[in-house]
Structure formats: C-alpha cells, structure tokens
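Participant: just coords:
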C-alpha cells in the first residue's frame, strides 16, 4: 500500500514538470528575434597621391685611381750612386730621383768626341786632294781612277764625321740617363732599390712609382640593364636630363661620410665587360687634401634626370604577397577598400617611387592595414605620421638599387 502511494506521487510530479516546461517553451516562441547590429566602420589613415618633381639619382660602386701614374725605370745599366728623394713625398716634374754612376758613360762620350775630332782633322786634307785631282783631270795630268779614289776618300771622311757625331749624341744621351728624373708631378711611393744596387735598362721591376692624385679619377660600374632602362625612360619622356647639373657627382666614402667636394662626369666607356655585363663611368674629383687615395672603394651618387610626374608613397603603405610582389590598399570613391598591384622603381628616402598601379588622387592606406580587407567599408582620415596628407616623400635623397 505504501509503495503504490509513492508511485502516484512520482507520476504526478512528472506531469507537473512537463506542463511547466511546455508553457515556458510557448512563452519563448512568442518573443521576436533580436536584429544583429551592423559592423562598425573602421578608421584608416591615408595619403592622397600627388605627382612630384623629383631629381632621380643612383648609387654605383667604384674605385679611385690616380689621375697620372708613372713607373720609374732606368734606361741604362749601372750602379745606383744615390737616391735623391724622400719616400712618400711630393715631387715635381724634372726633379732628379736617382743617380747612376756616370763614369763609364762619361768615358764613352769622351771616346766618341775624340773619334769625331780625328775624323774632322782628316777632312781638309782629303778635300784638298779631291779638288786638285779634279783640276788635273781636266788637263789629263792624272788618271780618271786616281780622281775617283780621291773623291771616294772624301765621301768616306764625311760619312765618318756624321757617324761619330751620332755616336757622340748617343753617348751624351746615355750620360744624361744616369740622372733619373721625375716625368710627372705627384706623390712618390717607396723605393725598390738602395744606394749601390745594380740596375738594368728597362727592367721589369720599377724603381719607384709616382702618382698624381689631385685631381683623382673614380671609375664606377653601371650595369647594361640600368643603362638601357635609363635610355628607355628618356626616350619615353618619363625622365628629362637636368642640363649641366647632371654632370655633377657626389661621393660617399667607405665609412659612410659624404666627400665634401663635388666631382664631374667625364665619359662612359663604349665597351661592355663580358664578365660583369657592365660599363665603366669615369668621374673626376678635386683632391687637394689628399683625402682620396688610389685604390679606395667608394660609392658615387650620379644624377639620372628629373621625373616631373613622380608618384611617391610612404614605405609602410606597401605590403607584399606570398610571391613578394608589392601591393597597396586604396580607399575608392565609395569608401571601400581596393587592392592594387604596384610596380616599384626604387626607394627614395623613406618613400617608394611607384612606376605603375597608382594615379593622382588615389587615397593610399598607410595605417590600419591589418584591420581591413579588400571590399570593406572604411572611413579615410589624413595620415599624420610627420607629414600632411599628400606630402609624403618630397625629399629625394640618394636611392639604393631599384627593385
């Protein structure tokens, strides 16, 4: 009897709970679903593209070389009697550098002078004999053979005189070669011989080397690809030569400092190096303080020309796809984000020079790139990263290699 009463209570409680849940479900179904709020429009900082007039430059690696260089070699054999200069000093053209023992050359000159004097002493007698024989031949007092012999002796005596004159001149030249003079002005390096050394004429090892380093040459390499690109831009009118100022060149030293004096562009070589695919550009720089020494590695900043329609955008506005291609996000007239593929020419200071992909008036997103996607609605506000809207990249500085 007690068990039956317990089962009735359980059944009754179950029915009550079922009815209660049903009522709650009906009440919930009567409520209207809540509408999802629209996504908030995000702010992005943009710059408006405005064409600029920019002087384009390029940095090319190069090496300095002496304006004039002369290797000093002896022109006669002999013993060095003295070195008459200080190593590392500046010498003048014509200054005596070395002196070779002149004794044997002085003796050779004296011998040649004596032989010349002897030949000239015989000449009057031989000439008189030839003249007398000419007169006697008319009277047939001498034979024709005697006259011919006298005339031949006269010619031989005259030839001997000319021979000994040339010998004297040669001996005098060789004697002069015993004093080795500086052929050019400049700075002389170390000497490869000392007093008492035996030297030979035109020996392969120079006695010393003189280099003129004021002014000084700078030879830089320009690839043929860059050369052809530059010519194509000029032919298409995208780049205008900057007149005489284009010949002015600046120099960056190996430690990154700017050389204080401007140089000039002298010429471009007409031969391409087959191993490097580049041509040599020769520049000339004044060097009165001898700051530049031959063989130094430098970078030359060469003016290419003026781009009057240059499009510059901050570097932080450019991203890359997985393949490394440059991209930019632009806010269109409808306030939505568009993705643009770019062609970048080079870096100029903290901006990129864009060749294609953007046009005047485009609003390029600089800040907020991470929180927007193409097609999203955004609110464009002027970029305040140190520049007003549209003023990015007005300062054109030496650019690294182009992309």
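Facilitator: Sure thing, it's come through. Every value quoted in this text rests on a predicted model; they were computed, and no experiment measured them.

Participant: For residue 291, give its distance to residue 360.
Facilitator: 45 Å (C-beta to C-beta, to the nearest Å). C-betas here are computed from N, CA, C, even on glycine.

Participant: again but with residue 349, I slipped
Facilitator: In this view, residue 349 and residue 360 are 21 Å apart by C-beta to C-beta.

Participant: Looking at the two, which is more packed in?
Facilitator: For residue 349 and residue 360, the more surrounded residue by other C-beta atoms under 10 Å is residue 349, and the numbers stand at 14 against 11.

Participant: Which helix in this structure has the most residues?
Facilitator: helix 103-138 (DSSP state H).

Participant: So which elements touch that helix?
Facilitator: Secondary-structure packing of helix 103-138 (3 or more C-beta pairs under 8 Å, 6 or more residues apart in numbering; DSSP states H and E): helix 144-176.

Participant: by contact count, what packs against the following helix or strand past the helix it packs on?
Facilitator: Where DSSP states H and E defines the elements, the next helix or strand beyond helix 144-176 is strand 179-181. Judged by 3+ C-beta pairs under 8 Å, 6+ apart, the packing partners of strand 179-181 are strand 96-100.

Participant: Tell me the buried residues in the strand it packs on?
Facilitator: By 16 or more other C-beta atoms under 10 Å, the buried positions in strand 96-100 come out as 97-100.

Participant: So what are the sheet partners of it and their directions?
Facilitator: Using DSSP bridges, strand 96-100 pairs in its sheet with strand 78-83 (antiparallel), strand 179-181 (antiparallel).

Participant: Throw the ones you listed into TSV and include mean neighbour count and mean pLDDT, thanks.
Facilitator: Output for the strands paired with strand 96-100, formatted as TSV (neighbours: other C-beta atoms under 10 Å; pLDDT from 0 to 100):
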stretch	mean neighbour count	mean pLDDT
strand 78-83	17	94
strand 179-181	18	96
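
Participant: For residue 47, which of these is the nearest?
Facilitator: Shortest distance between residue 47 and those, using C-beta to C-beta, is found for strand 179-181: 67.2 Å.

Participant: Closest to residue 230 out of the buried residues of strand 96-100?
Facilitator: Scanning the buried residues of strand 96-100 for proximity to residue 230, where the rule is C-beta to C-beta, the winner is residue 97, at 46.1 Å.

Participant: quick one: contacts for that closest one?
Facilitator: Contact analysis of residue 97 by C-beta atoms under 8 Å, 6 or more residues apart in numbering lists 72, 83-85, 91, 180-182, 188, 207-208.

Participant: What sits closest to the residue positioned nearest the centre of the chain if chain neighbours are left out?
Facilitator: The residue lying closest to the centre of the chain (C-alpha atoms, centre = their mean) is residue 220, at 2.3 Å. With sequence-adjacent residues excluded and distances taken as C-beta to C-beta, 6 or more residues apart in numbering, residue 220 is closest to residue 62, at 3.2 Å.

Participant: Okay, buried residues for whatever helix or strand the one you found lives in please.
Facilitator: Taking DSSP H and E as the definition, residue 62 sits inside strand 52-72. Within strand 52-72, the residues scored as buried using 16+ other C-beta under 10 Å are 52, 54-60, 62, 64-67, 70, 72.

Participant: Pop out the phi and psi values for residue 352.
Facilitator: phi -110, psi 140 (degrees, to the nearest 10).

Participant: May I have the residues that are in contact with it?
Facilitator: So residue 352 contacts 312-315, 318, 326, 342, 344-346, 393 (C-beta under 8 Å, 6+ apart).

Participant: Among those residues, which one sits closest to residue 202?
Facilitator: Closest to residue 202 out of the contacts of residue 352 is residue 346 (51.3 Å), distances taken as C-beta to C-beta.

Participant: tell me which residues in the helix or strand that residue 354 is a member of are buried?
Facilitator: Under the criterion of DSSP H and E, residue 354 resides in strand 351-356. Buried residues in strand 351-356, defined by neighbour count with 16+ other C-beta under 10 Å: 351-355.

Participant: Put together TSV for the residues you listed, with distance to residue 199 on each row.
Facilitator: Formatted as TSV, the buried residues of strand 351-356 follow (distance: C-beta to C-beta, whole Å):
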residue	distance to residue 199
351	62
352	62
353	60
354	65
355	62
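
Participant: and the residue nearest to residue 165 when sequence neighbours are not counted, how far is that from residue 325?
Facilitator: The spatially closest residue to residue 165, leaving aside those adjacent along the chain, is residue 116, at 6.0 Å (C-beta to C-beta, 6+ apart). Using C-beta to C-beta, one obtains 87 Å as the distance from residue 116 to residue 325.

Participant: Which residue of the two possesses the greater neighbour count?
Facilitator: Per other C-beta under 10 Å, whichever of residue 116 and residue 325 has more neighbours is residue 116, with 19 against 12.

Participant: Minimum distance to residue 145: which of the strands paired with strand 96-100 has it?
Facilitator: Among the strands paired with strand 96-100, strand 78-83 sits nearest to residue 145 (C-beta to C-beta), with 50.5 Å.

Participant: ok and the closest one relative to helix 144-176, angle-wise?
Facilitator: Put simply, strand 78-83 runs at 40 degrees to helix 144-176, going by axes from the mean of the first three to the mean of the last three C-alpha atoms, to 10 degrees.
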